[in-house]
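[1] sequence first, then the predicted structure, then my questions.
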Amino acid sequence: MTSEPDRQPDLSAECLVHDLNNVFQTLLEAAELLSSDPKWEQLSGTLFHTVERGRGIVQSFNSKDRVSIDLAAVVDNAIQFARDFAQTVQGCRLEFVTNVDSGLRIQGQPWAWERVLINLFLNAANAMPNGGVIEVRAWRIPGWIALEVADHGSGIAEEILPEIFRPRFSTHASRGLGLHIVDTIVKDHDGEVTAANRTDRPGARFTIRVPVEGVLVNRATA
């Protein structure tokens, strides 16, 4: 009888984290150099925030634990990143109007929910290439927390509304993964996300609802 060879742990994820941390360190050093020049101060700050977000995403891959999250803080962090990204990379200014009920808390990892909001914000920015307004609301409904992101863009063609959460579906030069990431993360938290055109003005509206803390969801009846 021959014995099975010793099984070695899969190091691919660990090696990827190691390599990404090296990339992040290089970006931090570049940001430090740029921070000494007032001309590049804003870009330096964007790099710092980007590295912080990247490290948080990497850490989230190693932790599946769900914690209680202050939704208002998640919204603020996502707004800061999206505003910096749009101005630095796309050359446009985003204005945010927020109305988040106090004391709202959801379950999950902060970086996961920031990814949801950032992808929605950047999707809105693509619909407003010259900049514009993004409205963010969050409120309680019985058993749920509702979160809405609406823009002042041109809206979504009715024929593609059923397709927009499909992976690699895009109407512009991108990989078409942003809204798919949103849908995947929301569903992983027993929630749902829907898209529609605004009825009060031109623009798109994305609505998310997730269970309040401690509520078990029967998806067959939700």
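    Now that the structure is in, tell me what you want to look at.
[2] next one: Leu20 from Phe96, what distance?
    Applying Cβ to Cβ, to the nearest Å, the value for Leu20 to Phe96 is 29 Å. The C-beta positions use only the backbone N, C-alpha and C, and glycine is treated the same way.
[3] out of these two, which sits in the busier spot?
    Neighbours were counted for Leu20 and for Phe96 using other Cβ atoms under 10 Å; Phe96 has more, 17 against 14.
[4] helix or strand: which one has the more buried one?
    strand 94-100 (DSSP states H and E).
[5] which residues are contacting the very next helix or strand once past that strand?
    Heading C-terminal from strand 94-100, the first helix or strand you meet, by DSSP H and E, is strand 105-108. If you take Cβ atoms under 8 Å, 6 or more residues apart in numbering as the criterion, strand 105-108 is touched by 66-71, 113, 145, 189, 210-213.
[6] what subset of the residues you listed is buried?
    69, 71, 113, 145, 189, 210-211 (16 or more other Cβ atoms under 10 Å).
[7] and the residues you listed, which is closest to Gly131?
    Among the buried ones among the contacts of strand 105-108, Trp113 lies closest to Gly131 (Cβ to Cβ), at 24.8 Å.
[8] how about the nearest residue to that closest one, chain neighbours excluded?
    Val74 (4.8 Å; Cβ to Cβ, 6 or more residues apart in numbering).
[9] over to Val186?
    According to Cβ to Cβ, 6+ apart, the nearest residue to Val186 is Val193 (4.6 Å).
[10] picking that back up, report all helices and strands that the strand holding Phe96 contacts.
    helix 71-85, helix 110-126, strand 132-141 (3 or more Cβ pairs under 8 Å, 6 or more residues apart in numbering; DSSP states H and E).
[11] list the buried residues of that strand.
    Those would be 94, 96, 100, for strand 94-100 by 16+ other Cβ under 10 Å.
[12] ditto for stretch 126-138
    Neighbour counts over stretch 126-138 (16+ other Cβ under 10 Å) mark 126-128, 132, 134-138 as buried.
[13] can you tell me what sits against it?
    71-72, 75, 79, 82, 86, 90, 92-101, 104, 117, 121, 124-125, 145-155, 172, 174, 203-204.
[14] mind checking the pLDDT average for it?
    Taken as a whole, stretch 126-138 has a mean pLDDT of 93.
[15] quote the end-to-end distance of it.
    23 Å (Cα to Cα, to the nearest Å).
[16] returning to that earlier point: counting only strands, which of the buried ones among the contacts of strand 105-108 make the cut?
    Under the assignment DSSP state E, the buried ones among the contacts of strand 105-108 contribute 69, 145, 210-211 to strands.
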